[in-house]
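Chemist: with the input below, show me the fold.
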Amino acid sequence: MKIFWKSITMFKSEDEKMRMRLYLHIGLSKTGTSAIQAFLYRNREILLKELKILYPQTGIFIGGGIPAHYFLAFSLFKPDEAKSLSLPASFEDYIEQLKREMNETKPEKVIISSEAFMHYNDESVLRKFSHTLDDLFEEIYILVYLRRQDIWQESSYSQVVKAYGMRVTNSFKESIEHSKRLIWLLMYDKFLSRWKTFFPKAKIIPRIYDKKALPNGDVIKDFLSILGIEYGKFENLESDPNPSLSHLSTLALRKINEKFDLTREEHVKIVQYLFKLDKEEGSPLKTFFTLQERIEFLEYF
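Modeler: From the prediction side, this is the model:
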């Protein structure tokens with residue numbers, strides 16, 4: 001009986017050690033997420049050693065060179081969607097891996113980051129995710145950066161045109177029609193309310209992504225301020241890991257996509273050359289929207 005009680009006590013003690021604070025960074029895309037993720041990954045050793053903050057290796061996928069928890073996020077998508085992504089493990093497997101990683105490193109805080117989380121809209125997915133995290137963490141903070149919807153739309157269009165493999169050839173106006181199925185993402189009051197509904201105990205921390213309002217225009221400094229830590233001791237990034245093409249270069253690349261089926265190597269060379277032109281020449285074109293289109297678009301919100 002004593003042996004049995006001792007084993008139960010040990011199990012409980014181990015479970016209590018795992019209850020810590022989680023910072024779940026859910027996006028939005030095109031709000032400095034790549035810069036934040038690259039910074040966290042590059043500085044993960046000093047974060048863990050000096051501050052007991054874990055940026056887990058579990059569920060990381062370095063897509064486009066950006067190390068974020070895409071595999072973990074995608075593993076909760078609908079089975080047919082997850083299957084098409086060829087994930088190396090199931091959601092349950094990733095959670096078990098995360099538990100082991102936390103037991104081995106014994107952090108006080110954990111940061112999980114992927115803009116793929118922002119696409120969680122299915123109630124069963126959100127419910128399962130919230131129950132799992134509630135069982136693991138004593139406190140949960142959900143971080144999300146919000147950007148004015150018209151500017152977000154323009155930046156997102158530039159991103160998908162730039163991305164190899166998507167070969168976007170549709171115009172900006174056509175892209176707006178195509179993306180109306182994602183308008184719910186940009187209804188920020190409803191978007192945040194939905195997360196609060198499924199994470200009632202969590203603290204939702206919305207931040208405005210506007211470089212004029214961020215500390216020194218730096219989203220990383222703003223992110224670290226939420227964690228209550230200073231920026232100075234960390235290794236900074238030499239450049240933005242996911243820069244945007246200018247409006248004019250985006251339109252030029254869209255026409256190239258329309259005319260030519262580029263190899264990855266050709267695509268990368270053209271994107272690099274367009275970045276070079278943007279830096280040297282600048283761009284006279286500053287918007288995809290006409291003024292009337294911008295007004296009509298913002299009227300949705």
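Chemist: so what's residue 123 closest to, chain neighbours aside?
Modeler: Nearest residue to residue 123, sequence neighbours excluded (Cβ to Cβ, 6 or more residues apart in numbering): residue 198, at 7.7 Å. Quick note: C-beta positions are derived from backbone N, CA and C, even for glycine.
Chemist: just residue 266 next, same as before
Modeler: Nearest residue to residue 266, sequence neighbours excluded (Cβ to Cβ, 6+ apart): residue 260, at 7.9 Å.
Chemist: please report the distance of the one you found from residue 229.
Modeler: Between residue 260 and residue 229 the distance is 47 Å, computed by Cβ to Cβ, to the nearest Å.
Chemist: likewise for residue 194?
Modeler: 30 Å.
Chemist: can you map out the strands along the stretch 201-301 of the chain?
Modeler: Secondary structure of the stretch 201-301 of the chain (DSSP state E, counting those that start in this stretch): strands at 203-208.
Chemist: follow-up on the earlier one: more neighbours: residue 260 and residue 229, which one.
Modeler: Higher neighbour count among residue 260 and residue 229: residue 229, with 16 against 12, using other Cβ atoms under 10 Å.
Chemist: if I pick the more buried one, what's in contact with it?
Modeler: Taking Cβ atoms under 8 Å, 6 or more residues apart in numbering, we find residue 229 in contact with 51, 53.
Chemist: if you set the cut-off to 7 Å instead, what comes out?
Modeler: The contact partners of residue 229, taken as Cβ atoms under 7 Å, 6 or more residues apart in numbering, are residue 51.
Chemist: what's the per-residue pLDDT of it here?
Modeler: Predicted confidence (pLDDT) for residue 229: 88.
Chemist: wait, residue 248 sits on residue 282?
Modeler: No. Between residue 248 and residue 282 there is no contact under Cβ atoms under 7 Å: 9.2 Å.
Chemist: looking at those two, which is more packed in?
Modeler: residue 248 (17 against 9).
Chemist: contacting residues for the more buried one?
Modeler: 283-285.
Chemist: now, of the residues you listed, which are buried?
Modeler: The neighbour-count criterion (16 or more other Cβ atoms under 10 Å) marks residue 283 among the contacts of residue 248 as buried.
Chemist: ranges for the strands of the stretch 51-200 of the chain?
Modeler: Using DSSP E, counting those that start in this stretch, strands in the stretch 51-200 of the chain cover 53-54, 61-63, 66-68, 109-113, 137-146.
Chemist: sheet partners, orientation included, of the longest one?
Modeler: Looking at strand 137-146 with DSSP bridges, its paired strands and their directions are strand 20-25 (parallel), strand 203-208 (parallel).
Chemist: excluding its backbone neighbours, what's nearest the most centrally placed residue in the chain?
Modeler: The geometric centre of the chain, computed from its C-alpha atoms, lies nearest to residue 115 (Cα atoms, centre = their mean), at 2.5 Å. Using Cβ to Cβ, 6+ apart and skipping residues adjacent in sequence, the residue nearest residue 115 is residue 27, 3.5 Å away.
Chemist: can you pull the contacts of residue 214?
Modeler: Residue 214 is in contact with residue 222, counting by Cβ under 7 Å, 6+ apart.
Chemist: please repeat the previous calculation with a cut-off of 10 Å.
Modeler: For residue 214, the contact set (Cβ atoms under 10 Å, 6 or more residues apart in numbering) comprises 32, 145, 207-208, 220-223, 225.
Chemist: please apply the same query to residue 221.
Modeler: Neighbours of residue 221 in contact, by Cβ under 10 Å, 6+ apart: 214-215, 230-231.
Chemist: show me what contacts residue 33?
Modeler: Shown in contact with residue 33 (Cβ under 10 Å, 6+ apart): 25-27, 66, 68, 113-115, 118, 145, 209, 219, 223, 241-242.
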